[in-house]
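Asker: Provided below for reference: sequence and predicted model.
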Amino acid sequence: KMEAALAQVNREIDAGDHRGMVRSLKLPILKLTNVDGAGAWTYLAQFKELKAKLKALKAPTALTQEQLQDLVNMANFEMRLLSKEDLIIKIQARWRGLIARRNFVRRLAFFKVNEQTFIKIQRKWKACLQRRQYLARLGFLRAHEAQAVAIQARYKGYLQRKAYKGLKQFW
């Protein structure tokens, strides 16, 4: 009877019949414990994976009672772990948040302690940039000094001629 029940389970696994497989796994003759109908697809995937490995090794692919029980236990463990996945994610998120807050407080304390140093560095850097800009403008003006003087002379000459024409009218 045991061999017939095992053969029936193996046939249902090969056929991919998850409902029939669970019914067969629950047969009292097999003496399998903790078989849960909710894990049918997980059981089926585990059983098919083991059968594929056995086939690759050219070993008999008919699963034994011990193999079935081991895979049922592993699948149940996986399902319990997955059912607690949300809780695990929340715990991880809170832990990461705690670490992030601690790092932020440390960084903030560091900045508060060294604030004056940072201000000095910024002041010196801004002064350096201003000096560069000033020197660039000064270099430009020195390079074009002759043109600037020529423009100024022409403008002053224009103003003088205009003033002279205004005086000419009164004579």
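Answerer: Great, that's in hand.
Asker: Quick one: end-to-end distance for stretch 4-23.
Answerer: End-to-end distance of stretch 4-23 (C-alpha to C-alpha, to the nearest Å): 14 Å.
Asker: which of the residues in it are buried?
Answerer: 5-6, 8-10, 12-13, 18, 20-23 (16 or more other C-beta atoms under 10 Å). In short, each C-beta sits where N, CA and C put it, glycine included.
Asker: which other residues reach stretch 53-65?
Answerer: By C-beta atoms under 8 Å, 6 or more residues apart in numbering, the residues outside stretch 53-65 that reach it are 2, 6-7, 9-10, 13, 30-32, 47, 50-51, 71.
Asker: mind running it again at 10 Å?
Answerer: Outside stretch 53-65, the residues that touch it by C-beta atoms under 10 Å, 6 or more residues apart in numbering are 2-3, 5-7, 9-11, 13-14, 29-32, 47, 50-52, 67, 70-71.
Asker: and the gap between residue 123 and residue 116?
Answerer: For residue 123, the distance to residue 116 equals 10 Å [C-beta to C-beta, to the nearest Å].
Asker: Show me the shaky parts of this structure.
Answerer: Judged by pLDDT under 70, the chain has its weakly predicted residues at 170-171.
Asker: Tell me where the protein has strands.
Answerer: With DSSP state E as the criterion, the chain has no strands.
Asker: where along this protein do the helices fall?
Answerer: Secondary structure of the chain (DSSP state H): helices located at 2-15, 18-25, 40-56, 65-83, 85-113, 115-143, 145-168.
Asker: out of the ones you listed, deepest packed?
Answerer: Burial of the helices of the chain is given as mean neighbour count (mean count of other C-beta atoms under 10 Å); helix 18-25 ranks first at a mean of 19.
Asker: Next, the angle from that one to helix 40-56.
Answerer: Taking axes from the mean of the first three to the mean of the last three C-alpha atoms, to 10 degrees, one finds that helix 18-25 is oriented at 80 degrees with respect to helix 40-56.
Asker: packing partners for helix 18-25?
Answerer: helix 2-15, helix 40-56, helix 65-83 (3 or more C-beta pairs under 10 Å, 6 or more residues apart in numbering; DSSP states H and E).
Asker: Residue 109 is nearest to which of those?
Answerer: Taking C-beta to C-beta, helix 65-83 is the member of these nearest to residue 109, at 39.7 Å.
Asker: The closest one relative to helix 85-113, how many degrees between them?
Answerer: Helix 65-83 and helix 85-113 are oriented at 40 degrees to each other (the same axes, to 10 degrees).
Asker: which residues touch stretch 67-87?
Answerer: 6, 9-10, 13, 21, 24-25, 30-36, 38-47, 49-51, 54, 63-64, 88, 91.
Asker: How about stretch 116-129?
Answerer: In contact with stretch 116-129 (C-beta under 10 Å, 6+ apart) are residues 111, 114.
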